[in-house]
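>>> just coords:
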Ligand code: SF4
């Protein structure tokens, strides 16, 4: 599966980092960092938590 971020919608609030710290981080300028853009299937539950946590609906799972 692949993580696709809508960079226009993302506001760097870090909710996804709290939900899935193994997949997301925030840099010191409040920019989202995707740590693994093509995570293995065992990360799906964490990724779905991050999608649900995003108030901007900026995270899309492909595949
Ligand atoms: S929760 Fe959504 S808006 Fe916030 S940093 Fe993550 S992708 Fe961006």
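Structure received. Worth saying up front: this structure is predicted, and the values here are computed from it rather than measured. Residues are numbered from 1 along each chain as shown.

>>> ok, which stretches of this structure are helices?
Assigned by DSSP state H, the chain shows helices spanning 15-19, 44-53.

>>> Highest mean neighbour count out of those helices?
helix 15-19 (a mean of 20; mean count of other Cβ atoms under 10 Å). Where you see a C-beta, it was placed from the backbone N, CA and C, and this is true even at glycine.

>>> Residues contacting it, please?
23-26, 32, 46, 49-55, 59 (Cβ atoms under 8 Å, 6 or more residues apart in numbering).

>>> rerun that using 6 Å as the cut-off
With Cβ atoms under 6 Å, 6 or more residues apart in numbering as the test, helix 15-19 has contacts from 24, 25, 26, 49, 50, 53, 54.

>>> Is it correct that residue 37 is in contact with residue 5?
No: the pair residue 37 / residue 5 is not scored as a contact, 9.0 Å apart, by Cβ atoms under 6 Å.

>>> Comparing the two, which shows the higher neighbour count?
Remark: of residue 37 and residue 5, residue 5 carries more neighbours, 16 against 11, as counted by other Cβ atoms under 10 Å.

>>> and the more buried one, how far is that from the ligand?
Using Cβ to the nearest ligand atom, to the nearest Å, one obtains 6 Å as the distance from residue 5 to the ligand.

>>> Could you tell me the per-residue confidence at that residue?
Per-residue confidence at residue 5 stands at 98 (pLDDT).

>>> any idea how far the closest residue to residue 52 other than its chain neighbours is from residue 39?
Once flanking residues are discounted, residue 52 sits nearest to residue 19: 7.5 Å by Cβ to Cβ, 6 or more residues apart in numbering. Residue 19 sits 13 Å away from residue 39, taking Cβ to Cβ, to the nearest Å as the criterion.
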